[in-house]
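Colleague: From the sequence below, what's the structure:
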Amino acid sequence: MNTQSPDDMAPRRGWWSRNWKWVVPTGCLGLLLSCGCFGALIVGAVTQSLRGSGAAVEAVTLAKQSPEVREALGEPIEQGLMISGSIESSNDRGSADVAIPLEGPKAKGTLRMEAYKVGDEWRFTTLEVEVPGRPTIDLLGGSPEPPANTVPFPDLPEVEPLPEDDTPGPPPDEPAEPERQDDIQL
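Modeller: Below you'll find the model as predicted:
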């Protein structure tokens, strides 16, 4: 007589066939989390490199020292997380165009900075703090210094415009050049 049940006679199912219903979603979720962590790591590294650059550190220091910014934002002033823009530096030359969020107890604002680098020194062309509901605070206190590699235009003498019906010609005190014989006229 056979004392085994029909379930005992069936071949035993493998691990995959018993567990696939929880392995597939867990694997997909793990892959998504890994990609998300990798992306966050890259964003954090880029943000940290922008935040730690010489131009950004100097700009934030100047903003924190400004009485107008301290009055608008309150103290202490902290940097926000999402810095945006670009900083390029090669040898002793470089440029920066960055927006840095600033936060204080009274308000939030954005520090906008444009600068160029000559040697080890950053020179700002734009350095201002924008606070919603207030006028922009210019931290340079006047016109920015032009980049060192630009040559200013020399002072040119003023010239009177020609009347509309006159055509330019030789000055009255100089004789007109005679026509050359080898010129072809149509």
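Colleague: which residues of the protein score low on pLDDT?
Modeller: 1-9, 49-52, 142-159, 161-186 (pLDDT under 70).
Colleague: 80 instead?
Modeller: By pLDDT under 80, the weakly predicted segments of the chain are 1-11, 43-54, 81, 89, 91, 141-186.
Colleague: which residues are contacting stretch 121-131?
Modeller: Here stretch 121-131 makes contact (C-beta atoms under 8 Å, 6 or more residues apart in numbering) with 54-55, 58-59, 62-63, 66, 68-69, 72-73, 94, 96, 102, 107-117, 136-140, 144-148. In this view, the C-beta of every residue, glycine as well, is placed from N, C-alpha and C.
Colleague: Apply 7 Å and report the result again.
Modeller: For stretch 121-131, the surrounding residues in contact (C-beta atoms under 7 Å, 6 or more residues apart in numbering) are 54-55, 58-59, 62-63, 69, 72-73, 102, 107, 109-116, 136-140, 144-145.
Colleague: Next, the buried residues of it.
Modeller: Trp122, Phe124, Thr125, Leu127, Glu128, Val129, Val131 (16 or more other C-beta atoms under 10 Å).
Colleague: Tell me, how many residues neighbour Ile87?
Modeller: For Ile87, the neighbour count with other C-beta atoms under 10 Å is 20.
Colleague: For the residue nearest to it when sequence neighbours are not counted, which three-state class applies?
Modeller: Take Ile87 and drop its neighbours on the chain: the residue closest to it by C-beta to C-beta, 6 or more residues apart in numbering is Ala96, 4.4 Å away. Under DSSP: H, G, I helix; E, B strand; the rest coil, Ala96 falls in the strand class.
Colleague: does Ala96 really touch Leu111, like I thought?
Modeller: No. Proximity of Ala96 to Leu111 does not meet the contact threshold set by C-beta atoms under 7 Å, at 12.0 Å.
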